[in-house]
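Asks: Sequence and computational prediction follow.
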Amino acid sequence: MEFNPTRMCELLVGLPEVEVRGVLDEPGVPLRVHVESRADQRWCKACGVRGRLKDWASVELVDLPCFGRPTRLVWHKQRWRCAEPACPAGSWTVVDPRIAWPRAALTDRAGRWATVQVGRGGRSVHEVAVELGCDWHTVNNAVIAYGEALLAADVDRVGAVDALGLDETLFFRKGPKRTKQWATSVVDVGGPGRPGRLIEMIEGRTATKVSEWIDARPEPWREVIRFGVLDMSGPYRKVFNDSLGHLTQVADPFHVVRHANTKLDEARRRLQNETLGHRGRKDDPLYRSRRLLTKGHERLDERGNEKLVGFLEAGDPKGEVRMTWHAKETIRGLYAIDDPDQAATYIDELIADMAEPSMPPEVQSLAGTLRRWRDHIIAWHTARVTNGPTEAANNLIKRIKRIGFGFRKFRHYRVRALLYAGRPNWDLLATITPR
Ligand SMILES: [Zn+2]
């Protein structure tokens, strides 16, 4: 075996048609690999005459770490000038997207690698920037450029959907008043044996914006959707009414129970104030009962149950918290019923009982909500679809937000969320042109 140092160096650098000029190792800075293109771009595209070397231009690009060290590729490019004096082409510089795209700060391979690390692996931009030895913006720009191109190229990503879920997420608090900026996740909630996936992120949570997006989908895609799953929110009900009038709307069980728990919290706080005249403190029985109250009853062991009864005896003289707790548990019981007709009878009786004037105001308010959403709620007993996958997607989004230190630009947020929770076809990454 014969060793050829030049050839070995080129093998290690691993780029097509480059000659390695040298490697510079200076303390405290990234390793610098100097290369020049061997790609023959000497011939004038305008007139076909052979060009003359005018001078050299060089760019310094962030490349993949080399043996664990941050590395820069210094790319020396020939600038050619057309030898034909009458030719309008003038001069041109060597272009090779296999090395880097024009105006890119990263080599092409580093850009694609960073997109996989951040987009697919869910690593933070900061962490990847540290590994590459460059700043946050350099990596973020590359992830957005390659990520947007990947999402656009992946035309088969959104397939036929049986049940469509809509859910809101908070993506950013803006300005000194920390005004909440909302986004809507559009989710294929999947079905038996088919996992859900995040389809799209839409800025805001107004009916208009979401309807616009749905209306822009092809009609065959819209027609086959059978169910629309929503939290009990007016705007999303309007979206389904306006844009997908044919489907059956289903109130997400998780949101129904969560709403009952919210009312239970309200009752506990009100009684706390009425009986003790102050907000909950750590020794107050009602305050101490708060977690036991919202837990599912079957999840309380004997001791937990005894504690709960004790707290309520001490802090809830008129039994109002207990009644609200009972209402919550009864609503939960709705989901243990298999038969749709039985569920309908159950909820109607429940609404009538809860609306009684003797009931605490929170329970009466719950009765109103159940009445307004009655058909949506019992539709679950036929459809059996939930926004669980929507919630799962939202949790992934929250994770991205946490590692991303919050997103200010919706565009960035959308790309990151879809790359991570939208499961695009990553095989296409090798074929795309960054935007
Ligand atoms: Zn020419």
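Replies: Cool, got the structure. Numbers count the residues shown, from 1 in each chain.
Asks: For the closest residue in space to Ala251 that isn't next to it in sequence, list the residues it contacts.
Replies: The shortest distance from Ala251 to any non-neighbouring residue, by Cβ to Cβ, 6 or more residues apart in numbering, is to His376 (3.8 Å). For every residue, glycine as well, the C-beta is placed using N, CA and C. Applying Cβ atoms under 8 Å, 6 or more residues apart in numbering, one finds that His376 lies in contact with Leu230, Met232, Arg237, Gln249, Val250, Ala251.
Asks: do that again at 7 Å, thanks
Replies: By Cβ atoms under 7 Å, 6 or more residues apart in numbering, the residues touching His376 are Gln249, Val250, Ala251.
Asks: What of Ile214?
Replies: Arg222, Val239, Ser243, Leu244.
Asks: Which strand or helix spans the first one?
Replies: In this case it means Arg222. helix 219-223 (DSSP states H and E).
Asks: for that helix, what is the average pLDDT?
Replies: Mean pLDDT, computed over helix 219-223, is 95.
Asks: next one: stretch 306-322
Replies: 86.
Asks: How about the longest strand seen in the chain and the ion, any contact?
Replies: Longest strand in the chain, counting residues (DSSP state E): strand 51-66. No - looking at strand 51-66 against the ion by Cβ under 5 Å from the ion, there are no contacts, and the closest approach is 7.4 Å.
Asks: by contact count, what packs against that strand?
Replies: strand 69-82, helix 108-115, helix 125-132 (3 or more Cβ pairs under 7 Å, 6 or more residues apart in numbering; DSSP states H and E).
Asks: any idea how far Arg222 is from the ion?
Replies: 54 Å (Cβ to the ion, to the nearest Å).
Asks: ok, now which ones touch that residue?
Replies: Arg222 is in contact with Ile214, Leu244, counting by Cβ under 7 Å, 6+ apart.
Asks: got it, and the one 4 residues further on?
Replies: Arg226 makes contact with Asp162, Ala163, Leu247, Thr248 under the criterion Cβ under 7 Å, 6+ apart.
Asks: mind running it again at 8 Å?
Replies: Asp162, Ala163, Leu247, Thr248, Ala383.
Asks: Would you mind listing the buried residues in the helix or strand harbouring Lys328?
Replies: Using DSSP H and E, Lys328 maps to helix 320-333. Judged by neighbour count using 16 or more other Cβ atoms under 10 Å, the buried positions of helix 320-333 are 320-332.
Asks: who touches Ala183 in this structure?
Replies: Contacts of Ala183 by Cβ under 8 Å, 6+ apart are Glu168, Thr169, Leu170, Phe171, Met201, Ile202, Glu203, Gly204, Arg205, Phe410, Tyr413, Arg414.
Asks: And Thr138, by the same measure?
Replies: Counting by Cβ under 8 Å, 6+ apart, Thr138 has contacts Val62, Ala105, Leu106, Ala129, Leu132.
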